[in-house]
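# Sequence plus predicted model, see below.
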Amino acid sequence: MTRPRLSALALMAMCLGMASLARTTQAAPPKPVATDSQGIQKMNFGKLADGTPIELYTLTNGKITAKITTYGGIVTELHTPDRDGKTADIVLGFDSLEGYLAGHPYFGAITGRFANRIAKGKFSIDGKEYSLAVNNGPNSLHGGLKGFDKQVWKAEETTVDGSPALKLSRISPDGEEGYPGNLSVTVTYSITPENALKIDYTATTDKPTVLNLTNHSYFNLSGPASGTILDHELTLAADQYTLVDENFIPTGKLGSVTGTPVDFTKAKAIGAHIGQIAGEPGGYDHNFVVRGAEAGSKKPIFTAKVKDPKSGRTMTVLTTEPGVQFYTGNFLDGTVKGKGGVVYKKNQAFCLETQHYPDSPNHADFPTTRLNPGQTYTQTTVYQFGVE
Ligand code: GLA
């Protein structure tokens, strides 16, 4: 199968979301980006301290453009058009690798082996207890000290259903961050003709283990320099959520969203009831139970829709996962300076982390996160962009 490649100039012009670059370097009038131009391109993104080279891939279908680095599988940029066709980058991140290496709250990253928290960093499989690094209060968060977000992934240019795609893979060795089993993982990013960023995950293991993968992109559909996301309207296909203790660990009980500030069954501004969320730091940081999720299903189902009234951008999320962590960037406290020198403040972005429920290995009645030898873990999540 042949994959059309884009010229560097065309790609750059597209990433900047305008034809102005073409305009300044050629006398020709600005050309709209051809809707049929799709492709993938590789660039250098710098080196780790030990000299390991890091790449940045640009994937586009001519309308939606994503940049993804082999460091942490991070989606560094995601350009989508607004209702006037003007393109903007709608995810938080940094202009260069150094920003990511300096430490950050999982911007755009592949999160694993276990997304979200495991209580006290402990779980058992078949009577054997495993201990993980405790890196979030008394708990283990997002895979530990050097989770998948800080690993270098092997990259392969490929296609998914004819669309340009980037397949990232790595073997997570037995015992990495305390988790059992040699785990072979792939994460494939593609941009579909329907203007979606689609992420397909697979994994196999040689020992029983636990696994919970997600992507931790922080979205602001007006563009991250534009203030908070409190005016964005959210709909969640969720009637229940997991109740948690003061350390964000599920009690095991599910709560009904009805009549509470976490009811997003009908479109509602994210900021409408956010002030009613008790505790510190306040804001949404809840795992919702996806309505209609079926164990083992390979068909992503409607999970969430976000609309930005200012730009008209919409993002619809479909997933095969039973849960989605809705997080409103509550821990962004103005200490991180991101792209273009923009200081990221509380509620400047939201995350919809499609995943299994937090602390599942310690809750036998939650959908299982156990993976056995001979089984293949799969997860598919689609972030589809539109305008209204
Ligand atoms: C997840 C968690 C949050 C926070 C962020 C990263 O969304 O649920 O509590 O830890 O990751 O900062």
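Sure, I can see it. Numbers count the residues shown, from 1 in each chain.
# Look up phi and psi at the closest residue to the ligand within the stretch 151-300 of the chain.
In the stretch 151-300 of the chain, the residue that lies nearest the ligand is Asp285 (4.5 Å; C-beta to the nearest ligand atom). Every C-beta, even on glycine, is put in place using the N, C-alpha and C of the backbone. Backbone torsions of Asp285, given as degrees, to the nearest 10, read phi -160, psi 70.
# oh, and call the first residue 108 from now on, that's how I've got it
In the new count, where the first residue is 108, that last one comes out as Asp392.
# number of nearby residues for it?
19 (other C-beta atoms under 10 Å).
# Leaving out chain neighbours, which residue sits closest to it?
Computed as C-beta to C-beta, 6 or more residues apart in numbering, the closest residue to Asp392 that is not its neighbour in sequence is Tyr434, at 5.0 Å.
# next one: Gly399
What sits nearest to Gly399 in space, not counting adjacent residues and going by C-beta to C-beta, 6+ apart, is Ile408, at 5.6 Å.
# In the sheet, which residues pair with the one you found? Tell me.
Bridge pairing for Ile408 (DSSP bridges) gives the partners Thr426.
# what number of residues lie near it?
Ile408: 16 surrounding residues under other C-beta under 10 Å.
# show me the contacts for it.
344, 397, 399-400, 425-427 (C-beta atoms under 8 Å, 6 or more residues apart in numbering).
# distance of the spatially closest residue to Val241 that is not a sequence neighbour from Thr299?
Nearest non-adjacent residue to Val241, counting by C-beta to C-beta, 6+ apart: Gly228, 4.4 Å away. Gly228 is 38 Å from Thr299, where distance means C-beta to C-beta, to the nearest Å.
# ok, back up a step: and the contacts of Ile408 as TSV, adding pLDDT, distance to Asp196 and neighbour count?
Listed next are the contacts of Ile408 as TSV, based on pLDDT from 0 to 100; distance: C-beta to C-beta, whole Å; neighbours: other C-beta atoms under 10 Å:
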residue	pLDDT	distance to Asp196	neighbour count
Ala344	98	27	21
Val397	98	28	25
Gly399	97	33	10
Ala400	97	31	20
Leu425	98	23	21
Thr426	98	23	27
Thr427	98	27	23
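# Is it possible to get JSON lines of these that adds distance to the ligand?
Listed next are these as JSON lines, based on distance: C-beta to the nearest ligand atom, whole Å:
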{"residue": "Ala344", "distance to the ligand": "19"}
{"residue": "Val397", "distance to the ligand": "16"}
{"residue": "Gly399", "distance to the ligand": "23"}
{"residue": "Ala400", "distance to the ligand": "19"}
{"residue": "Leu425", "distance to the ligand": "20"}
{"residue": "Thr426", "distance to the ligand": "15"}
{"residue": "Thr427", "distance to the ligand": "19"}
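# Rebuild these as JSON lines, extending it with distance to Lys360.
Formatted as JSON lines, those follow (distance: C-beta to C-beta, whole Å):
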{"residue": "Ala344", "distance to Lys360": "20"}
{"residue": "Val397", "distance to Lys360": "18"}
{"residue": "Gly399", "distance to Lys360": "21"}
{"residue": "Ala400", "distance to Lys360": "18"}
{"residue": "Leu425", "distance to Lys360": "27"}
{"residue": "Thr426", "distance to Lys360": "23"}
{"residue": "Thr427", "distance to Lys360": "25"}
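# Looking at the residues you listed, spot the one nearest His249.
Thr426 (18.0 Å; C-beta to C-beta).
# Surely that closest one is in contact with Thr488?
Yes. Thr426 is in contact with Thr488 according to C-beta atoms under 8 Å; the separation is 4.4 Å.
# what's the overlap in contacts for those two?
Listed as contacting both Thr426 and Thr488 by C-beta under 8 Å, 6+ apart are 407, 461.
# Name the helix or strand of the chain that has the lowest mean pLDDT.
Within the chain, no helix or strand scores below helix 127-132, which has a mean of 31 by mean pLDDT, DSSP states H and E.
# Next up, the contacts around Leu318.
Residues near Leu318 by C-beta under 8 Å, 6+ apart: 219-221, 290, 310, 312, 476, 478, 484.
# ok, and the most crowded of the residues you listed?
Phe221 (31 neighbours).
# Tell me the spacing between that one and Tyr348.
Applying C-beta to C-beta to Phe221 and Tyr348 gives a distance of 19 Å.
# Could you count how many residues lie near the closest residue to Pro465 other than its chain neighbours?
Using C-beta to C-beta, 6+ apart and skipping residues adjacent in sequence, the residue nearest Pro465 is Asn223, 3.9 Å away. A count of neighbours around Asn223, defined by other C-beta under 10 Å, yields 29.
# just for the stretch 358-495 of the chain, where's the confidence low?
Of all residues in the stretch 358-495 of the chain, none has pLDDT under 70.
# and what of the stretch 108-257 of the chain?
108-143.
# ok, the residue in it that the ligand sits nearest to - contacts?
Nearest residue of the stretch 108-257 of the chain to the ligand, counting by C-beta to the nearest ligand atom: Pro212, 3.6 Å away. By C-beta under 8 Å, 6+ apart, the residues touching Pro212 are 438-439, 443.
# which one of those residues is nearest the ligand?
Phe438 (4.8 Å).
# residue nearest the centroid of this structure?
Asn322 (2.6 Å; C-alpha atoms, centre = their mean).
# so what's that residue closest to, chain neighbours aside?
Ile306 (5.7 Å).
# okay, now the one you found: neighbour count?
Ile306, neighbours per other C-beta under 10 Å, totals 25.
# tell me the helices in the protein, going along the chain?
According to DSSP state H, the chain carries its helices in the segments 115-122, 127-132, 204-208.
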